[in-house]
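[1] This is a predicted model, with the sequence first.
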Amino acid sequence: MHYFIADLHLNERQPEITELFLQFMRENAPLADSVYILGDLFDFWIGDDEDSELIRTVKTAIQTLTTQGVPCYFICGNRDFLLGKTFAEQTGMQLLPDYYLIDLYGKKTLICHGDTLCIDDIKYQQFRRKVHQKWRQRLFLCLPLWLRLKIAHKIRAKSRADKGTKSAQIMDINPQFTAETVANLGAEWLIHGHTHKQAVHICNISSESDRLFTRIVLGDWGKTASILAVDEKGFAFNEIR
Ligand code: OKV
């Protein structure tokens, strides 16, 4: 059995979410064959050299899991895209690229965070291209921590101010682009997060074909946790509270 989670957005102001994550890592995750974290584990990430009680707690939980022999995989989200090799080495967590194909009991499954499927959000895609440029990331990571904190704070404040003006449809995945991506990679299942709209969609690969694929959207975490469990019998959303 494999677990998939995303969009915990761990932060200091919502310790109840961290508690849910620690409970999941203690009680559920050790029974799995692997755990996939599909991005936005943290609400923001400005470099692996940042340290806090929250970060230490999360690192310990992941390290405890991987030393128990449960592989833990991570795809970066739109918020924690700077999480890197140092974090991976410290925790035993394995970093995966933005799109990754896995075999889930014979189903060819594409996993990703989901932000790259939201191509109608032009403003966000511009932001993404900018902050994903290697030279910009290297430069940012060279800055002292206090300056990175200050810059990140400013960028978040500006993003919050822009947010109210976007329609719900613009912020969702583009169905055509998503179907093309799935078709090009020959996948039968797609699992992603980002939109926070937990659901299972049966989708057409294209308008000219009746080939279908299953799109499983992970929910975000709040008062309850959203956990997808997949085994040989199929999939189920588990809630813990
Ligand atoms: C993450 C988002 C803030 C969305 C900055 C280069 C640059 C990285 C960065 C700074 C911000 C991540 C690292 C954060 C995601 C926001 C606001 C909106 C929509 C640079 C490389 F450009 F300054 F050189 N950042 N942080 N947003 O605070 O975690 O995803 S962040």
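    Arrived safely, thanks for sending. Residues are numbered from 1 along each chain as shown.
[2] Would you enumerate the residues in contact with residue 12?
    Neighbouring residues of residue 12 by Cβ atoms under 8 Å, 6 or more residues apart in numbering: 52, 54. For every residue, glycine as well, the C-beta is placed using N, CA and C.
[3] That one in helix, strand or coil?
    Following DSSP: H, G, I helix; E, B strand; the rest coil, residue 12 is assigned to coil.
[4] so what's residue 175 closest to, chain neighbours aside?
    Distance criterion Cβ to Cβ, 6 or more residues apart in numbering; nearest residue to residue 175, sequence neighbours excluded, is residue 203 at 7.0 Å.
[5] Distance check, the one you found against residue 18.
    34 Å (Cβ to Cβ, to the nearest Å).
[6] Tell me the strands beside the one helix or strand the residue nearest to residue 175 maps to, with direction?
    Taking DSSP states H and E as the criterion, residue 203 maps to strand 199-206. Strand 199-206 pairs in its sheet with strand 209-217 (antiparallel), by DSSP bridges.
[7] quick revisit: which of residue 203 and residue 18 has more neighbours?
    Between residue 203 and residue 18, residue 18 has the larger neighbour count (other Cβ atoms under 10 Å), namely 19 against 15.
[8] is it true that the more buried one lies in a strand?
    No - counting by three-state DSSP, residue 18 falls outside a strand, being helix.
[9] Count residues in the vicinity of the residue lying closest to it once chain neighbours are set aside, would you?
    Leaving out its chain neighbours, the residue that sits closest to residue 18 by Cβ to Cβ, 6+ apart is residue 10, at 5.6 Å. Using other Cβ under 10 Å, residue 10 is surrounded by 21 other residues.
[10] so residue 10 touches residue 21, yeah?
    Yes - at 6.6 Å, residue 10 counts as touching residue 21 under the criterion of Cβ atoms under 8 Å.
[11] ok so, going back, would you confirm that the residue nearest to residue 175 contacts residue 180?
    No - using Cβ under 8 Å, residue 203 is not in contact with residue 180; the gap is 11.4 Å.
[12] measure residue 37 to residue 222 for me?
    Taking Cβ to Cβ, one finds residue 37 at 17 Å from residue 222.
[13] ok, these two, which is more surrounded?
    Each of residue 37 and residue 222 has its neighbours counted (other Cβ under 10 Å); residue 37 has more, 26 against 15.
[14] I'd like to know how far the closest residue to that one other than its chain neighbours sits from residue 113.
    In space, and not counting its chain neighbours, residue 37 is closest to residue 74: 4.8 Å by Cβ to Cβ, 6+ apart. Per Cβ to Cβ, residue 74 is found 10 Å from residue 113.
[15] Now for these two: what residues contact both?
    Common neighbours of residue 74 and residue 113 (Cβ under 8 Å, 6+ apart) are residue 39.
[16] which one of the two has more residues nearby?
    Neighbour tally, residue 74 and residue 113, criterion other Cβ under 10 Å: the higher count belongs to residue 113, 25 against 21.
[17] Where is the longest helix in this structure?
    Taking DSSP state H as the criterion, the chain has its longest helix at helix 145-163.
[18] Check which helices and strands that helix sits against.
    helix 134-142 (3 or more Cβ pairs under 8 Å, 6 or more residues apart in numbering; DSSP states H and E).
[19] Might you enumerate the residues of this protein proximal to the ligand?
    Neighbours of the ligand within the chain, by Cβ under 6 Å from any ligand atom: 44-46, 78-79, 82, 124, 127, 130-131, 136-137, 140, 151-152, 155-156, 159.
[20] Show me which of those residues are buried.
    With burial judged by 16 or more other Cβ atoms under 10 Å, the buried subset of the residues of the chain next to the ligand is 44, 45, 46, 78, 79, 82, 124, 127, 140, 152.
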